[in-house]
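Asks: Here is a sequence with its predicted model. Questions after.
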There are 2 protein chains.
Amino acid sequence: MRSHYCGELNEARIGETVSLCGWVHRRRDHGGVIFVDLRDRDGLSQVVFDPDRADTFALAETLRNEFVVRVTGLVRARPDGTVNKDLTSGGIEVLAHELEVLSAAKTPPFQLDEHASVSEDVRLRHRYIDLRRPEMIDRLRFRSKVTNTIRNYLDDNGFLDIETPILTRATPEGARDYLVPSRTHPGEFFALPQSPQLFKQILMVAGMDRYYQIAKCFRDEDLRADRQPEFTQIDIETSFMNEEQIMATTEEMIRQTFKRHLDAELGDFPRMTWGEAMRRFGSDKPDLRIDLEFTDIADLMAAVDFKVFAGPANDAASRVVALRVPDGASLSRKHIDDYTKFVGIYGAKGLAWIKVNDINAGLEGLQSPIIKFMPEAVVKQVLERLQAQTGDIIFFGADKANIVNEAIGALRLKVAADLGKVREGWAPLWVVDFPMFERDKEGNLNSLHHPFTAPSCTPEELRANPDQALSRAYDMVLNGTELGGGSIRINQPQMQSAVFDLLGIGEEEAQEKFGFLLTALASGCPPHGGLAFGLDRLIMLMTGATSIREVIAFPKTQSAACPLTDAPGPVSAKQLRELNIRLREQPAAPSA
Amino acid sequence: MRSHYCGELNEARIGETVSLCGWVHRRRDHGGVIFVDLRDRDGLSQVVFDPDRADTFALAETLRNEFVVRVTGLVRARPDGTVNKDLTSGGIEVLAHELEVLSAAKTPPFQLDEHASVSEDVRLRHRYIDLRRPEMIDRLRFRSKVTNTIRNYLDDNGFLDIETPILTRATPEGARDYLVPSRTHPGEFFALPQSPQLFKQILMVAGMDRYYQIAKCFRDEDLRADRQPEFTQIDIETSFMNEEQIMATTEEMIRQTFKRHLDAELGDFPRMTWGEAMRRFGSDKPDLRIDLEFTDIADLMAAVDFKVFAGPANDAASRVVALRVPDGASLSRKHIDDYTKFVGIYGAKGLAWIKVNDINAGLEGLQSPIIKFMPEAVVKQVLERLQAQTGDIIFFGADKANIVNEAIGALRLKVAADLGKVREGWAPLWVVDFPMFERDKEGNLNSLHHPFTAPSCTPEELRANPDQALSRAYDMVLNGTELGGGSIRINQPQMQSAVFDLLGIGEEEAQEKFGFLLTALASGCPPHGGLAFGLDRLIMLMTGATSIREVIAFPKTQSAACPLTDAPGPVSAKQLRELNIRLREQPAAPSA
């Protein structure tokens, strides 16, 4: 029906007769002539209706925004002074000979260029209008192209695209599982997968050697701004490769993707141990576009008569750090108060600071609510260790290590953003050498990843020193976001037993929870490992979208509902009966 | 860890030192030497352990089937007389220098080459063993490659890969929906999509222009041998294309796929109207590899004094057909009895037949239980119309048209298979010009496809003559299997109203059932249409697999269960409480 997309017409077509199909983006009547900006997936073209052609002109007078039309006409240069340099087609217009109204349109609930003033709920309810915005079409097109590049990279590297089930078994704890009642097995349920983890390991045991899948995953959790109940993972698993090879292969995949679609050179990704990342940035996904770093000063504070610092300085589970922020001395009291509230979100009880107004003026050159509690010598040592300069502000964190890391880590990002200290561009890295375990409040060991993650030591060493044991896990981090993560898995029963023992999982419990995987692992299991990337997150980063909902065609709201289809919805008693379930008479209070 | 895959070694590598990783497929001890067939994704290589290397030999003595090992050794020519021409690596063997046991294996529940003697349930329960069979790996690899070709074809043709939700709204009738209770919306449910139909139409309204998705779809129905509760569709929708363009684009996709992966030339697909297909083959998915055709003979039978034929011959809703089968006169009485039972499955009350032992001998040359009921002249006319030959058998069907079509249509396939009358190769075609409606027993009109399918006439013509109206639907058929089907959709409210009126769907009901789609259609809806292919079915046909479960990594059984993971399974009372549901105390009897 069309000869060209609206967005592809340019001066090279002048003199040609073309046919365009699209939506009336805007209509203006000017000087007895009707101008229509016609819009399709690729962009806009200006169409001119001249009263000389009476029938066509009369029909054009009926056009309103969002009508769907087909136009045939002559491409000609725009008159001088009316050229629009922002559009590919800005130098030309189409003089309409024929017009066909393919579909009328009710007045849309909002105009496309007014979407910003409309609530997200309204936009999601009328998603067929909202998706017409060029930036939404561009994002979905970008997503499609990136996905295709990734698929072809993996295909070219011998990975097989293998589908794993959506209707599967509930995970052992079951928390966060979406459940599906079975009609044929009364009283029993399927669960939607939180990830294809078990299946991809089974595929390795089955000898598939290299697997990938762009897989839908599901998690029924209370949604933060950046989460969706269903999300998409680039899921990868390989056999007979070590972590170096897996990292090299997937790093190259991301490098090629950025080169091809953003013309960005990511270079070789640096490696950082988890220990170093936590020490320098308080985060296992540090944003390396920001130069600000933590400096540990517990040793300097251990003996001061200021309990806020001395207490944590003398507690092995705590940390005392300083964060030097160049040019921060200009921050107002109001800013600092806001930051104090901000770190409170992460559990920090306050925010100590020193402004360095003049580094050469001794205590006189400093401004701070806390230096009065500290010996001058200590203050001097701190300034020296930090290599403080005139104009700096120094923030302090002193608390349990996790509170300091989270609070000052978040502060680092916020201050850098506020002061324009976030470099442009891309800062990827690998974080490696994670601990195998963390201890909960009761002192019990828990897996930092999952119980199939392999440690980088022998089973004997693991048993002897679990707190120090490192795993063969790796995370890819980009601009402070975890893009993906994975690990080498355990493929030896002795090692698996050691891990289960340390986690307090007995043989019976292990069989009950992981029975079929354990049987598989004992049936000739190759060394294997893998990785999963969050596709939604990757596209969000690459397109600069501010919400994950902007890179998903039909996202759910934060209460896990779809305003477009009104899902979820009620179902009939007959259906429930067939599924052998009833509603509870008094619904429990929803947890979100 | 490896330098080569086992399956890629050949004479060109003689003299090289290689490293292989894989599974012990078979071990033989012969002449003081140990031979191991090492297996990986790509094939087998023979590894030789010589007692000269005592340590390696001692370790090799511990090897058992399905152990995972790494071997380094020298490629050498096999001795004369031991070359295996069936294997790529059949001319060489690897003299092992080093052996590493990467993983021991319990004795597998069945040997790979004995899978045929094992029940499918056992094979599915130990799918990690079953998938090691080379033909299973090959099928999944083939599926991955075909999928990639299709994706690239669609990407190259401007189709965007857009994901649609898995957690969505129940369909109006709700039958066959898998339901998912919502935790955050007590008493409400999501449904898993039976297809992305509504979403892909919404994407057209949104201006995405060309959409595709390889989409998981779900249907909770009683499973026939060839169905799965979750299945995969190649789902396509386009705007501003008519049916010719959609058929041309998708036909080329299938043609390129067959050329690339099977080196098969499908040529141009013939077109056949639904009417012709039903008349000649009694089927809307005729297998054109079979030359046998129906011949209508109602006109000849209308006046005979044989009610079995004369009754249907004088009833407009019935059919009387003959199926001439060359060489069928050799069929035994036992065969014919079996066929009579077979057509009974489809509701036929019997199976009349004539064997033509000598076409030149008049009635004497015929053998039949029915000719005694018919005038000789009629028998002669039948033989003439059929151009019967010596050696033929002629089968007859006389009943309601749908029974005749199904019974004699199925008989046509069965007899052809039994007599070797199915041509080798591929016989694709398009079936077009389907009726818009069919009438149910009460005489009400029902959509043959779905109520958004566009007719090939005006709304006025449709209302005037709904029984004769044809739709703009099209099915792609290959070797008697429907590979895919689709249609141009209605994009005009007047047409949609006409269809709803004819279906007896009032405005209120239409709003309740299809509200958001109708609103979208009235918001500037381009002409659009699409298609969906069954990917599992396509791969099954292309690989010659006999069951859909052979082309899916983790299929469900016919009772919709997964023996590997034991899904579905019980869940805790706490989980049910959180989801605001209870189990019924007395489960209804399962319907399957």
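Replies: Arrived safely, thanks for sending.

Asks: Sketch out the strands for the stretch 151-300 of chain A, chain order is fine.
Replies: With DSSP state E, counting those that start in this stretch as the criterion, the stretch 151-300 of chain A has strands at A:160-161, A:179-181, A:189-191, A:210-218, A:230-239, A:271-273, A:294-296.

Asks: now for the ones you listed, which one comes closest to residue B:40?
Replies: strand A:230-239 (8.9 Å; Cβ to Cβ). Glycine gets a C-beta too; all of them are placed from N, C-alpha and C.

Asks: Packing partners of the closest one?
Replies: helix A:197-205, strand A:210-218, helix A:243-262, strand A:528-534, helix A:535-543 (3 or more Cβ pairs under 8 Å, 6 or more residues apart in numbering or on different chains; DSSP states H and E).

Asks: Dump the strands of the stretch 151-300 of chain A to CSV, plus mean pLDDT.
Replies: Below are the strands of the stretch 151-300 of chain A laid out as CSV (pLDDT from 0 to 100):
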stretch, mean pLDDT
strand A:160-161, 98
strand A:179-181, 96
strand A:189-191, 96
strand A:210-218, 97
strand A:230-239, 98
strand A:271-273, 98
strand A:294-296, 98
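
Asks: Below-threshold pLDDT in the stretch 151-300 of chain A: ranges please.
Replies: A:172-174, A:225 (pLDDT under 70).

Asks: how about 80 then?
Replies: A:171-175, A:223-226 (pLDDT under 80).

Asks: Then chain A?
Replies: A:115-116, A:171-175, A:223-226, A:513, A:515, A:585-592.

Asks: Return the distance of the longest strand along it from the chain's centre.
Replies: Across chain A, the longest stretch assigned as strand under DSSP state E is strand A:17-30. From the chain centre to the centre of strand A:17-30 is a distance of 38 Å (Cα atoms, centre = their mean, to the nearest Å).

Asks: quick one, what contacts residue A:18?
Replies: Neighbouring residues of residue A:18 by Cβ atoms under 8 Å, 6 or more residues apart in numbering or on different chains: A:3, A:4, A:9, A:72, A:73, A:74, A:75, A:94.

Asks: Among these, which lie within strands?
Replies: A:72, A:73, A:74, A:75, A:94.

Asks: can you tell me which of the helices and strands packed on strand A:230-239 comes nearest to chain B?
Replies: Evaluated with Cβ to the nearest Cβ, these place helix A:197-205 nearest to chain B, the distance being 4.2 Å.

Asks: can you pull out the helices in the stretch 1-150 of chain A?
Replies: Along the stretch 1-150 of chain A, the stretches classed as helices by DSSP state H, counting those that start in this stretch are A:54-60, A:120-125, A:127-130, A:134-156.

Asks: outside of the first one, which residues touch it?
Replies: Judged by Cβ under 8 Å, 6+ apart, the contacts made with helix A:54-60 from elsewhere in the structure are A:34, A:36, A:49, A:50, A:51, A:96, A:97, A:98, A:99, A:101.

Asks: give me that answer again for 6 Å
Replies: A:34, A:49, A:51, A:96, A:99 (Cβ atoms under 6 Å, 6 or more residues apart in numbering or on different chains).

Asks: count of neighbours near the second one?
Replies: The burial count assigned to residue A:49 is 26, neighbours taken as other Cβ atoms under 10 Å in any protein chain shown.

Asks: any idea how far the nearest residue to residue A:251 once chain neighbours are set aside lies from residue A:283?
Replies: Distances taken as Cβ to Cβ, 6 or more residues apart in numbering or on different chains put residue A:269 closest to residue A:251, at 5.3 Å, once the chain neighbours are dropped. Counting by Cβ to Cβ, to the nearest Å, the gap from residue A:269 to residue A:283 is 17 Å.
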